[in-house]
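# sequence plus predicted model, see below.
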Amino acid sequence: MKYDVVIIGAGPGGIFSAYELTKERPELKVAVFESGTSLEKRKCPIDGDKIKSCIKCKSCAIMNGFGGAGAFSDGKYNITNDFGGTLYKYIGRKQAIDLMNYVDEINITHGGECTKMYSTAGTSLKKVCMQNKLTLLEASVRHLGTDVNYVVLENIYNELKDKVDFFFQSPVQKVEKTEDGYKVYSGDQTAECINCIVSVGRSGSKWMETVCKNLDIPTKSNRVDIGVRVEIPAVIFSHITDELYESKVVYRTAKFEDNVRTFCMNPYGMVVNENTNGIITVNGHSFDDESKRTENTNFALLVAKHFSEPFKDSNGYGESIARLSNMLGGGVIVQRFGDLERGRRSTQKRIDEGTVRPTLAATPGDLSLVLPKRILDGIIEMIHALDRIAPGTANDDTLLYGVEVKFYNMEVDLDENLETKHKGLYVIGDGSGVTHSLSHASASGVYVARKIAESL
Ligand SMILES: Cc1cc2nc3c(=O)[nH]c(=O)nc-3n(C[C@H](O)[C@H](O)[C@H](O)COP(=O)(O)OP(=O)(O)OC[C@H]3O[C@@H](n4cnc5c(N)ncnc54)[C@H](O)[C@@H]3O)c2cc1C
């Protein structure tokens, strides 16, 4: 098999590369290798009835397959350089925002036209946050919702499937440099190409390390974000979420001067398990369809941990903490905020008696046995700070699920074209360490596709 471009990974990065390549240069031969299945075959076995929690499938239907980790996500496309990645450092702030807007246009012309764009511009919340030692980050956010996000992906796939060769359930084991390009190995299949775009996301991070090692591509890694997912009655945050949908709020703790931030806010949403390389952590999402809404809002509170030399394995550190919660709780642990402050574990009885009905079946336990004190103290301080702008956040019955870990891929050494030191080998999306979000990953895909379209 010979191609002009082989894309590895069919997450937002890979999909938008394929989309832009076929649009700009329809005559090019493009293939996509994806370790998971096609969109319609992606089905997590958790049904809440027979299977209540993660059974650690070999290929996780939530993380792998057409649509990548974003397929069943909340579909929040944040258009900002303030968070979600550092693409702007490579391609400039204006171009990064232009590309994110372009991605938004594609989403709305492929099924997302009925969805709303929220913005922090002109919001009075900014002042209220400042008055309470909180900082509101600026962004516009298109909320597709899990349901519309799926429709958009379906429409894009239908448009691409006759123009691109898709190979599903085809994990790539090896990328080899040849005289005039690359050879990609997947099981007993091989494909040769002039340009190769690697877009394997967070789930492909371990594999990405081996690619970099084999091809002698420098990398660095020093960050992991650790915290909990907070679940409260939606009404407590509704004055914020109705206006902004998602608000990224940062608090600098008085005790350690650490930054704690809100992340991935899901109004009327549900808390879910996330399986990264067999480790169960927590995440959340919500639907655009009002009939699928819950009575709760959830969001993460995260503390970034940066390490300096000689320690290099920041993800290993995050994994160990997540493993500890898996060891104690068999998966995710849930605790009432009141129990945490009183220094006692939560029990099923106390959770059942509480006013917040959990949307995820997690094991009642004690998060102070899992999270480092400094991180836990920061989270407790932040909950009290948020209570000042959304009274009720620090109620005893507020639920905390742990742990939530944001693993950052090691940063691959890339130039301003997102190209490695090997000509024609590009690394994009979350797998590059440059992006951590749907909009940035997608924008990086469009960017590289245009570079390749120009160069070929
Ligand atoms: C539950 C959940 C909710 C989220 N919600 C949001 C949100 O609302 N907003 C937001 O901005 N971000 C959200 N995110 C993060 C977002 O999904 C990611 O930032 C985004 O998907 C990254 O895109 P990507 O293309 O770089 O990687 P991915 O989406 O991870 O895609 C990579 C693909 O590569 C495949 N792959 C990996 N290794 C190989 C290999 N060796 N060979 C072949 N294929 C391989 C994987 O199977 C996967 O399909 C969420 C994530 C999760 C898990």
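Good, I have the coordinates. Everything numeric here is computed off the predicted structure, so don't read it as measured data.
# how much space between the residue in the stretch 201-350 of the chain positioned nearest to the ligand and Y408?
The minimum distance from the stretch 201-350 of the chain to the ligand, using CB to the nearest ligand atom, falls at G201 (1.9 Å). The C-beta positions use only the backbone N, C-alpha and C, and glycine is treated the same way. As judged by CB to CB, to the nearest Å, G201 and Y408 stand 12 Å apart.
# just R202 next, same as before
Counting by CB to CB - R202 and Y408 are separated by 8 Å.
# swap in S442?
18 Å.
# which one of the two has more residues nearby?
A count of neighbours by other CB atoms under 10 Å puts S442 above the other of S442 and Y408, at 31 against 20.
# the more buried one belongs to a strand, doesn't it?
No - with the criterion set as DSSP: H, G, I helix; E, B strand; the rest coil, the secondary structure at S442 is helix rather than a strand.
# what residues does the stretch 351-456 of the chain have near the ligand?
Of all the residues in the stretch 351-456 of the chain, those in contact range of the ligand (CB under 6 Å from any ligand atom) are G429, D430, G431, H436, S437, L438, S439, A441.
# how about a cut-off of 8 Å?
Within reach of the ligand by CB under 8 Å from any ligand atom, the stretch 351-456 of the chain has these residues: 428-432, 435-442, 444-445.
# dump the helix or strand that contains C264 to CSV, restricted to CA.
Under the assignment given by DSSP states H and E, the secondary-structure element containing C264 is strand 259-266. What follows is strand 259-266, C-alpha atoms only, in CSV (Å, rounded to 0.1, in the frame of the first residue of the first chain):
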residue,chain,number,x,y,z
ASN,A,259,-3.0,27.4,41.5
VAL,A,260,-6.2,25.3,41.7
ARG,A,261,-8.5,25.5,38.7
THR,A,262,-11.9,24.4,37.5
PHE,A,263,-11.8,22.2,34.5
CYS,A,264,-14.4,20.5,32.2
MET,A,265,-17.6,21.9,33.6
ASN,A,266,-20.7,19.8,32.7
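# check which residues of that strand are buried.
Of the residues in strand 259-266, those buried under the neighbour-count criterion (16 or more other CB atoms under 10 Å) are V260, R261, T262, F263, C264, M265, N266.
# show me what contacts the third one?
Meaning T262. For T262, the contacting residues are S247, K248, V249, V250, F299, A300, L301, L386, by CB atoms under 8 Å, 6 or more residues apart in numbering.
# was I right about G365 contacting V334?
Yes - under the contact definition of CB atoms under 8 Å, G365 touches V334, with a separation of 7.3 Å.
# report the set of residues contacting both of these two.
S346.
# can you pull out the helices in the stretch 101-250 of the chain?
In chain order, the stretch 101-250 of the chain shows helices spanning 125-131, 145-160, 205-214, 234-244, with DSSP state H, counting those that start in this stretch as the criterion.
# average pLDDT across the shortest one?
It stands for helix 125-131. Model confidence over helix 125-131, given as mean pLDDT, is 95.
# list the buried residues of that helix.
When burial is assessed from 16+ other CB under 10 Å, helix 125-131 yields the following buried residues: L125, K126, V128, C129.
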